[in-house]
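**Student:** When you get a sec, could you give me coordinates for this:
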Amino acid sequence: MLPHRLKTPLLVCCAWLLPICSNAADRPNFLIFMADDMTYHDLGSVGNPDVQTPNLDRFADQGTTFTHAYNSSPMCAPTRMSLYTGLHPVRHGGYPNHSKVYPEVRTLPHHLGDLGYAVALLGKRHEEPVAQFPFEVLGGKHGDMGEGLDLDTSKVGDYLAKHADEPWCLVVTSNQPHTPWNRGDASAYDPAQLELPPYLVDTLTTRKALADYYAEITYLDGQFGHVMAQLEEHGEADNTLVIFLTEQGSNFPFCKWTCYETGLRATAIMRWPNRIPENISRSTLIQYVDIAPTLIDLAGGQFPENQFDGVSLAKVISTSDSSSPHEYVFGLQTTRGIFHGPEAYGIRSVRDDQYRLVWNLNHQGNFQNTVTRNFPTYQSWKPAAEAGDDFAAQRLLDYTTRPEFELYDLANDPWSMTNLATDPSHANRVNKLHTALQTWMQQQGDEGIPTELAALNRIPPRGESRAK
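**Tutor:** Predicted structure coming up:
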């Protein structure tokens, strides 16, 4: 049992959540729309020159874009459970993928439900056990093989009509652009004309995959546009805080499954007419664990400071001030239990306003997952390396074989390509960030390698109730 659990009795207490106002009209509604495996830089509004996202670009013009919103983990299940609990993964228990939270952990449907909100979810579910996430489930499926309608966004209008006289929170979780990239019109993207991110090796397979991935993002953009249109049609736009989240990185190498910027960083776009600034972009450091306490705060709830790992952003989002509520943001990766993962390859990471430190706990072994086993883009780099492409050879090596510590100057090296950890001029910085990371781990009850080795205990056995 992790020692920190003994220090969190407030997780089971709902008496702290007391509504400030009883009139539904005085409290906002909340709509969270989450993509699935979408790297933070793959939006037109944040500077991607190729991807077509007209609805999201228009939405960004109407609100505030937070370009530095951080996940607790670069995997779907821990990310979502942290979003719904306001806790980082080791503390809530769901730190491996396909895992479950501890029995005493309360979630967003509990907290907002106590405040008189109707709380529903439409789309992908990836949280366990389902009984501890008591959303009103409107439909959807986990995964998309391209058959039939993957997400019936028309149900949003039905939900709004049903709850017109009470405050509500609706979470819409698309399966896009998670692999397989089989939705959208890939012919709209010419692979030869795409501008590749610098951390990817330029092969025909990489370019074709990027075109398919962008097509699915455009498809996702259409889903989002339909949801927003229904919000307008039902007259709910002005009193609704809408939050769009890219989730964690895509399946391209150095994104999902990793603790680099392209694994942990997300883009969050928020719109709330006449309440938050329009058409601005901010580099303020925020975290997904901030979302739940923010919604509870805005709904009129009160809670003790240590109940969540996140903080309320209610004051942050209402101003254009770029100051951050966090000196550091943290993340972790647990490979034990993932498909084609190693026995253990735990990663912990911390970043401040400029530098990221990555601590590879099991650096003596090789990092591996479905990307190294069978992802076509990664496989296409091997013949390129054999043909003399030095960059391809280095990228392959960098992905699987890593030192214990990696330090990146993100102001000058945004793609995390040059490790400064062994540079004597950065020794003090490495020590400072490492100390901050160890302090966070202790607060979380994270013992490092022993916690990694215990990860399988957090994954429900087959046959037990699982979110589909």
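**Student:** For the rest of this, base every contact and every neighbour count on C-alpha atoms.
**Tutor:** Noted.
**Student:** ok, which stretches of the stretch 201-350 of the chain are helices?
**Tutor:** 204-233, 261-264, 291-298, 314-317 (DSSP state H, counting those that start in this stretch).
**Student:** just checking, what packs against the first one?
**Tutor:** Helix 204-233 sits against helix 54-61, helix 155-162, helix 376-386, with contacts defined as 3 or more CA pairs under 8 Å, 6 or more residues apart in numbering; DSSP states H and E.
**Student:** Any idea which of these gets closest to residue 396?
**Tutor:** helix 376-386 (7.4 Å; CA to CA).
**Student:** what residues does the closest one touch?
**Tutor:** The contact list for helix 376-386 (CA atoms under 8 Å, 6 or more residues apart in numbering) reads 201, 203, 205-206, 209, 252-253, 371-372, 391-393, 396.
**Student:** at 10 Å what do you get?
**Tutor:** 200-210, 251-253, 370-373, 387, 389-396, 399 (CA atoms under 10 Å, 6 or more residues apart in numbering).
**Student:** Any chance of the backbone angles for residue 171?
**Tutor:** phi -110, psi 120 (degrees, to the nearest 10).
**Student:** what's across from it in the sheet?
**Tutor:** Per DSSP bridges, the residues bridged to residue 171 are residue 32, residue 121.
**Student:** Could you pull up the residues touching it?
**Tutor:** 30-34, 119-124, 135, 137, 156, 242-243.
**Student:** repeat that with 6 Å
**Tutor:** Contacts for residue 171 (CA atoms under 6 Å, 6 or more residues apart in numbering) come out as 31, 32, 33, 121.
**Student:** Distance check, it against residue 312.
**Tutor:** 19 Å (CA to CA, to the nearest Å).
**Student:** try residue 428
**Tutor:** Distance from residue 428 to residue 312, by CA to CA: 32 Å.
**Student:** now do residue 348
**Tutor:** Distance of residue 348 to residue 312, computed by CA to CA: 24 Å.
**Student:** So for the two, which sits in the more crowded spot?
**Tutor:** Counted by other CA atoms under 10 Å, residue 348 and residue 312 do not tie: residue 348 has more neighbours, with 24 against 21.
**Student:** Surely that one is in contact with residue 359?
**Tutor:** Yes. Using CA atoms under 6 Å, residue 348 is in contact with residue 359, at 5.2 Å.
**Student:** Identify the contacts common to these two.
**Tutor:** Residues touching both residue 348 and residue 359 by CA under 6 Å, 6+ apart: none at all.
**Student:** Make sure I have this right: residue 393 is in a strand.
**Tutor:** No. Looking at residue 393 with DSSP: H, G, I helix; E, B strand; the rest coil, it is helix, so not inside a strand.
**Student:** pLDDT at it, what is it?
**Tutor:** Here, the pLDDT recorded for residue 393 equals 98.
**Student:** So residue 216 sits against residue 183, correct?
**Tutor:** Yes. If you go by CA under 6 Å, residue 216 and residue 183 touch, sitting 5.1 Å apart.
**Student:** what distance separates stretch 111-123 from the centre of its chain?
**Tutor:** Relative to the centre of its chain, stretch 111-123 is centred 20 Å away, using CA atoms, centre = their mean, to the nearest Å.
**Student:** should've said stretch 73-83
**Tutor:** 6 Å.
**Student:** Any chance you could list what contacts that stretch?
**Tutor:** Here stretch 73-83 makes contact (CA under 6 Å, 6+ apart) with 88-89, 94-95, 97-98, 126-127, 248, 256-257, 263-264, 288-289, 331-333.
**Student:** Pull the number of nearby residues for residue 391.
**Tutor:** 16.
**Student:** Could you do residue 450 as well?
**Tutor:** 10.
**Student:** and what of residue 351?
**Tutor:** As a burial measure, residue 351 scores 24 neighbours (other CA under 10 Å).
**Student:** what residues are up against it?
**Tutor:** Neighbours of residue 351 in contact, by CA under 6 Å, 6+ apart: 328, 329.
**Student:** From residue 157, how far out is it?
**Tutor:** As judged by CA to CA, residue 351 and residue 157 stand 40 Å apart.
**Student:** How about residue 346?
**Tutor:** 43 Å.
**Student:** Please identify which of those two sits among more neighbours.
**Tutor:** Between residue 346 and residue 157, counting by other CA under 10 Å, residue 346 is the more crowded of the two (23 against 18).
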